[in-house]
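> Can you look at this prediction? I've put the sequence above it.
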Amino acid sequence: MQMFFGLNATGRLDKDTLLVMRKPRCGVPDSEDHSSRIQVARWNKKVITYGIGRYTRDMPRSTVDSLLESALSVWARASGRTFLRSHSRNADIMVEFVTHEHGDSSPFDGLGGSFAHAFSPGQGVAREIHFDDDERWAATGTSGLNLLVAAAHEFGHALGLKHSRNPASLMHPTYKVDHSGANLLSREDITNINTLYRKLIY
Ligand SMILES: [Zn+2]
Ligand SMILES: [Zn+2]
């Protein structure tokens, strides 16, 4: 873990390591595999549907809807995919706000720490994104965690991307307040999503 975050790999819980561990971060495990940062798993279709199961009470449903739509539009341009809102439980990607143990053997940890996780296209039938509803979710980064930034990161996983070691990447596992500008995707993110979907035949 220390190596992943560019810290001295002491194996001890020193101050730098503890600072990184306390930061809000995505709960998807970091890949140890240096050779394949881009997963082979991807969606072999042009139109991908998404649904929202359980909402958070931190903001109106219409705000959640529009933030998730914005998060997907970031990837739509870069991947050439079209994302359609579905009101069926069988949507390709289901988004849920949940707390603690929620049926997938990756329980959330309450306020702070892990704020969300997502399953990649290759992981069986569980094509879901879970947000920890014990976090304070907000439309901006000033009064809580910025849902747009967090959702854009998780949709990256749902499209097949792994974590990046590059702190400038949206796919870096720690939550970053300063990511809320117009350019959510770094050059590396764009290259990775292009590589994943460019040669797709459908
Ligand atoms: Zn992540
Ligand atoms: Zn979960």
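In hand now; what should we look at? Residues are numbered from 1 along each chain as shown. Ligands and ions are numbered 1, 2, ... in the order given.
> CA atoms for contacts and neighbours, from now on please.
OK.
> Now do the longest helix that the chain contains: which elements does it pack against?
Counting residues, the longest helix found in the chain (DSSP state H) is helix 61-79. Counting contacts by 3 or more C-alpha pairs under 8 Å, 6 or more residues apart in numbering; DSSP states H and E, helix 61-79 packs against strand 82-85, helix 147-158, helix 187-197.
> Please enumerate residues in contact with that helix?
Applying C-alpha atoms under 8 Å, 6 or more residues apart in numbering, the contact partners of helix 61-79 are 55, 81-83, 139, 147-149, 151-152, 155-156, 184-185, 190, 193-194, 197-198.
> and the angle for it with helix 187-197?
Orientation check (axes from the mean of the first three to the mean of the last three C-alpha atoms, to 10 degrees): helix 61-79 against helix 187-197 gives 70 degrees.
> Rounded mean pLDDT for helix 61-79, please.
Helix 61-79 carries an average pLDDT of 95.
> now the angle between helix 147-158 and it, please.
50 degrees.
> Which one of the residues in the protein is closest to ligand 1?
When distances are taken as C-alpha to the ion, the chain reaches nearest to ligand 1 at residue 26, 4.4 Å away.
> What is the burial count for that residue?
Other residues lying near residue 26 total 23 when counted by other C-alpha atoms under 10 Å.
> For it, report the pLDDT, please.
95.
> Number the residues from 37 up from this point.
Done: numbering now begins at 37, and the last item shifts to residue 62.
> Identify the bridge partners of it.
Counting by DSSP bridges, residue 62 is bridged to residue 152.
> Provide a ChimeraX selection command restricted to the buried entries of the contacts of helix 97-115.
Per 16 or more other C-alpha atoms under 10 Å, the buried members of the contacts of helix 97-115 correspond to this ChimeraX selection:
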select :91,117,119,175,183,184,185,187,188,191,192,220,221,226,229,233
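> So which of the contacts of helix 97-115 reach ligand 1?
Here nothing survives when those are matched to ligand 1 using C-alpha under 5 Å from the ion.
> who in the protein is up against ligand 1?
62, 64, 209.
> Skip the chain neighbours and tell me the closest residue to residue 210.
Leaving aside its chain neighbours, residue 210 sits nearest to residue 61 (4.2 Å; criterion: C-alpha to C-alpha, 6 or more residues apart in numbering).
> Show the contacting residues for residue 128.
Contacts for residue 128 (C-alpha under 8 Å, 6+ apart) come out as 84, 85, 86, 87, 163.
> mind redoing it with 6 Å?
By C-alpha atoms under 6 Å, 6 or more residues apart in numbering, the residues touching residue 128 are 85, 86.
> ok, now how distant is it from residue 172?
From residue 128 over to residue 172 the distance is 27 Å, taken as C-alpha to C-alpha, to the nearest Å.
> how close does residue 153 get to residue 62?
6 Å.
> Next: residue 102.
Using C-alpha to C-alpha, residue 102 is found at 22 Å from residue 62.
> Spatially central residue for this protein, please.
Residue closest to the mean C-alpha point of the chain, counted by C-alpha atoms, centre = their mean, is residue 190 at 1.5 Å.
> how about the closest residue to that residue other than its chain neighbours, phi and psi?
Closest residue to residue 190 apart from its sequence neighbours, by C-alpha to C-alpha, 6+ apart: residue 154 at 5.7 Å. The phi/psi pair for residue 154 (degrees, to the nearest 10) reads phi -140, psi 150.
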